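# Predicted model and sequence follow; I will ask about them next.
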Amino acid sequence: MNPMLPCQNHEADICVIGGGLAGLIAAVSAARHGARVLLMQDRPMLGGNASSEVRMWVRGAAGKENRETGILQEMELENIYRNPTMNYSLWDSVMLQTVLNEKNITLLLNCSCLDCEMKNGRIVSVTGWQLNTYSFHCVHAGTFIDCSGDSVLAPISGAAYRVGREDKAEFDEYGAPETADRKTMGNSCLIQARETDHPCPFTPPEWAYVYPDDASMYNKDHDFTKTFTNFWWMELGGDQDTIADTQDLNMELLRVAFGVWDHIKNHGDHGEENWELEWVGFLPGKRESRRYEGDFILSQRDLEEGHSFPDTVAFGGWTMDNHNPLGLKFDGYSSVHIKPQVPYAIPYRCLYSRNVSNLMFAGRNISATHMALSSTRVMATCSVIGQAAGTAAALCAQYKCLPRDIYQSHIPELQALLLDDGCLLPGLTRPPRGVFSTSFSEAENAVLRNGWERPHGDDPNRILMPEDSGWTLTPAAPSEGQCLRLALDPDFSRESISPRKKSQTFAQRAHIYLDEPPLKMPAPLLKEAEIVFTLSDGTQSILKIENNRQALLRLPAPQSTAQIAVRSVRSWGGEGVGLFACDLC
């Protein structure tokens, strides 16, 4: 570090490196649980592969009842409300606002981690270089969470990590190669197109590749108006080094991207005369590079056989979507899909280093084999992993302990916090909190108390409250610092949000169609209500809820609340409010 350049020092309980979805959510979760957090992100915006710089779709577990919830769902619902046309810059602002809302987070954008100080097997501090201020930032913290994707702290801290594919024998993975190697999945630069009402000619740059026919493009599916493909297959680098060779790969991918669009517009009849190139991603999105080693390494068998763990803190359910290292240059469809159990469990032991005692990680760099990573790498899964890691790190700050100590002494508490925050943990349910009675029937109370806050197979597992109706909840004793907790229905099918299947999966788009319907808020989600807190002395306090767009509400009850009445409920769709749970916390 050059002493002639300025350096700003920071103190935090937790330092999160990397502001993709995993890092963003880890930081927010830790901050909400009382920790002082510094979030260091090397780009000018948050979101990583989901941001406007890369624009990869957020994907996760199969099945509507397995939809990821927690902070990711909170951001998605806010985006649907503020950004019904799915503008990527507005999505960037939603992610930024989620961080800015937390007073316990110090945010450093445009700041790349480049060094760390070690002492007795622990990280003492990290140093980052902020490009736009030409200054260094030194961060001292008790716990460090590497969410950089590339595991930037691994080579400079001495943390154990892996690169490439294990052989079949090491973890008994039939999807692995016979011999281990350093090959990975590759990087992609995406493109997006816009439909117009007039012909749009295209002249490619001179340096673009030329693909005169489908065979020259390795027979990749590029009929995007029918298949809605986002050109994920423009992928290179799996047979090289996706970190060291990134800049060369980036230039190669840009030649590919402009060449593919030139093929669509100028070589053969593709029926896209009225489409224009709207956007090209000049920053490659990465799938795989370094993976840390934790106390447990998740494998193909764990996913496919649905192994249970005492320290389950997250889940996945995307296929093992194992891209061929050749990427684009592999003829035809360049991935092999192996179905896991859905949902499968992810243990906490995959989220902290086996040899650097205060290092955690979340995202695509968790402790997993290449085969397991081919599923856990998708961003909705990375998001719930990030929420688990951030919550665990906050417990480290609370108990002044190390990440491994959480596994040894605090897993039930960590799991309870995650369940309270609306997360799904396979094999676990959230028991109702507090002692109270309600105005619901016995059958309705059974639904509200079953601990399953989502659809359960074909069972909607909810109470649908008519418009302008309500209910009461009466604590066994006057409230002392409790909250009314409502788990509301955000329409897990997403059919009321958009008629388009791709937008139902997660509210993002690849291409812009003339007839693209704007997103709508989920029909059964609570929009308005009036909450009346009646105190033990008979006085009342009234809270009005307007334009609610969250599926999990915690409403502080005044001291000595003897009864809570929820009345005049209205949904966004006008046909009733869906309720999964109602209790005190």
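Cool, the structure landed.
# Spatially nearest residue to the spatially most central residue of the chain (excluding sequence neighbours)?
For the chain, Ser383 is the residue whose C-alpha lies nearest the centre (CA atoms, centre = their mean; 2.6 Å). Nearest residue to Ser383, sequence neighbours excluded (CB to CB, 6 or more residues apart in numbering): Leu72, at 4.0 Å. C-betas here are computed from N, CA, C, even on glycine.
# Tell me how many other residues crowd that neighbour.
Number of residues near Leu72 (other CB atoms under 10 Å) recorded here: 27.
# Residue numbering should commence at 823 henceforth.
All set: I'll call the first residue 823, so the last point we hit is now Leu894.
# mean confidence score for the strand or helix carrying the residue nearest to the centre of the chain?
For Ser1205, the host element (DSSP states H and E) is helix 1201-1221. For helix 1201-1221, the mean pLDDT works out to 98.
# helix or strand right after it?
Per DSSP H and E, the first helix or strand lying C-terminal to helix 1201-1221 is helix 1225-1231.
# got the contact list for the residue nearest to Ser1205?
843, 847, 880, 1202, 1205-1206, 1209 (CB atoms under 8 Å, 6 or more residues apart in numbering).
# Could you export those residues as CSV, including distance to Met867?
Below are the contacts of Leu894 laid out as CSV (distance: CB to CB, whole Å):
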residue, distance to Met867
Leu843, 12
Ile847, 15
Val880, 15
Ala1202, 19
Ser1205, 17
Val1206, 22
Gln1209, 20
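# Taking those together, which two end up most distant?
The span of those, defined through CB to CB, is set by Val880 and Gln1209 at 14.3 Å.
# Which of those two has more residues huddled nearby?
Neighbours per residue (other CB under 10 Å) separate Val880 from Gln1209, with Gln1209 holding more: 29 against 22.
# so that one sits right up against Glu890, yeah?
No. Counting by CB atoms under 8 Å, Gln1209 does not reach Glu890; the two are 9.3 Å apart.
# where do the strands sit along the stretch 923-1072 of the chain?
Taking DSSP state E, counting those that start in this stretch, the strands of the stretch 923-1072 of the chain run over residues 927-930, 933-941, 944-952, 957-968, 983-985, 1009-1010, 1013-1017, 1057-1058.
# Pipe those into JSON lines and attach mean neighbour count per row.
Output for the strands of the stretch 923-1072 of the chain, formatted as JSON lines (neighbours: other CB atoms under 10 Å):
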{"stretch": "strand 927-930", "mean neighbour count": "20"}
{"stretch": "strand 933-941", "mean neighbour count": "17"}
{"stretch": "strand 944-952", "mean neighbour count": "20"}
{"stretch": "strand 957-968", "mean neighbour count": "24"}
{"stretch": "strand 983-985", "mean neighbour count": "19"}
{"stretch": "strand 1009-1010", "mean neighbour count": "28"}
{"stretch": "strand 1013-1017", "mean neighbour count": "19"}
{"stretch": "strand 1057-1058", "mean neighbour count": "27"}
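# before we move on, the earlier item: now do the contacts for the residue nearest to the centre of the chain.
843-844, 847, 880, 882, 890, 892-894 are the contacts of Ser1205 under CB under 8 Å, 6+ apart.
# now Phe1104
Contact partners of Phe1104, counting by CB under 8 Å, 6+ apart, are 875, 1011, 1072, 1076.
# do you know how far Pro1027 is from Ala1079?
Per CB to CB, to the nearest Å, Pro1027 is found 10 Å from Ala1079.
# Looking at these two, which is more packed in?
A count of neighbours by other CB under 10 Å puts Ala1079 above the other of Pro1027 and Ala1079, at 22 against 10.
# what's the distance between that one and Ala1190?
Note on Ala1079: its distance to Ala1190, by CB to CB, is 30 Å.
# Same check on Pro1026?
Taking CB to CB, one finds Pro1026 at 40 Å from Ala1190.
# Same check on Ala1215?
19 Å.
# do Glu1275 as well
Distance, Glu1275 to Ala1190, using CB to CB: 27 Å.
# just to revisit the earlier point, what's the angle from the helix holding Ser1205 to strand 957-968?
100 degrees (axes from the mean of the first three to the mean of the last three CA atoms, to 10 degrees).
# wait, what's in contact with His962?
Here His962 is in contact with 831-834, 946-947 (criterion: CB under 8 Å, 6+ apart).
# repeat that with 6 Å
833, 947 (CB atoms under 6 Å, 6 or more residues apart in numbering).
# List the beta-bridge partners for it.
Beta-bridge pairing for His962 (DSSP bridges): Glu833, Ser947.
# Tell me the pLDDT of it.
Looking at His962, its pLDDT reads 98.
# gap between it and Ile1188?
Note on His962: its distance to Ile1188, by CB to CB, is 25 Å.
# Kindly report the same for Glu1095.
46 Å.
# So for these two, which sits in the more crowded spot?
Ile1188 (31 against 12).
# Got phi/psi on the residue lying closest to that one once chain neighbours are set aside?
In this structure, Ile1188 finds its nearest non-sequential neighbour in Cys1172, 4.8 Å apart by CB to CB, 6+ apart. Note on Cys1172: backbone dihedrals following degrees, to the nearest 10 are phi -80, psi 0.
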